[in-house]
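Trainee: Any chance you can model this:
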Amino acid sequence: MNEQPKIVLVHGFWGGAAHWHPVITRLLQKGFTQLQAAELPLTSLAEDAERVRKMVAQHAGPVLLVGHSYGGAVISEMGDMPNVVGLVYIAAFAPDAGESAGGITQVHPPVAIASIAPDSDGYLWIKQSEFHASFCQDLTPLEAQLMAICQKAPLGSTFGNEVQAPAWKKKPSWYQISSEDRMISPENQQRMAARMQPRQIITLAASHASLVSKADEVSNLIASAAQGR
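Mentor: Numbering: from 1, shown residues only. Next up, the predicted model:
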């Protein structure tokens, strides 16, 4: 890549754009100045993908998409745009055609699946009392409490939305596996990463919140992808 791409960061379930703050800080320190973190409605894969698609369409130059968790399904769904130069998956879903986040989860249910509870409106929450142990056991109790209080719940139906034509089959990709993940089982991450045949796979001894607990390593992978390595 000759021109430095714009890096668009896409969060997952139970998080928002602010989850990327540690990674953004490090990317800025590395000299990456074109950064944008999407804020998804988490109401359906189609609506979430359209939100990111519109953001990418506003940029004339190259774009590198980075997805955490369910954000990986989003970039898989909409990432085959002409100016997208690569896809980076951070402990993320990378569904094949006809697969959903929920279907993949059922193959190897994660340790913390019982910590997820629906409300009367159909939104799924991680129980606040179990958020630390489930989502980010390698962060401090205070950091986990703040995440739990600020969590952004998805509509439960989103779990069943299927990817149509996965962009990772056409675009260069990179994948970070979290070996201590309790939200997406490491077995599922390993399977998705392997079939993707990415340019690089790294495994971190991290929780699902590797974008916070291992921000140095995650930002290094994103920087490598931005440089086409």
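Trainee: So Gln137 sits against Arg182, correct?
Mentor: Yes. The pair Gln137 / Arg182 is scored as a contact, 7.0 Å apart, by Cβ atoms under 8 Å. Every residue, glycine included, has its C-beta placed from N, CA and C.
Trainee: Mind listing the shared neighbours of these two?
Mentor: The contact sets of Gln137 and Arg182 overlap at Ser207 (Cβ atoms under 8 Å, 6 or more residues apart in numbering).
Trainee: Now do Thr140 against His132, distance only.
Mentor: Distance of Thr140 to His132, given as Cβ to Cβ, to the nearest Å: 9 Å.
Trainee: no no, Ala18
Mentor: 18 Å.
Trainee: more neighbours, the two?
Mentor: It is His132, of Ala18 and His132, that has more neighbours when counted by other Cβ atoms under 10 Å, with 21 against 14.
Trainee: The more buried one against Pro141, yeah?
Mentor: Yes. His132 lies in contact with Pro141 (Cβ under 8 Å); the separation is 6.0 Å.
Trainee: ranges for the strands of this protein?
Mentor: 6-10, 35-37, 63-68, 84-90, 116-118, 124-126, 173-178, 200-204 (DSSP state E).
Trainee: And the average pLDDT for the longest one is what?
Mentor: Yep, that's strand 84-90 we're talking about. On average, the pLDDT along strand 84-90 is 98.
Trainee: And the residue nearest the centre of the chain?
Mentor: With distances taken as Cα atoms, centre = their mean, His68 lies nearest the centre of the chain, 1.2 Å away.
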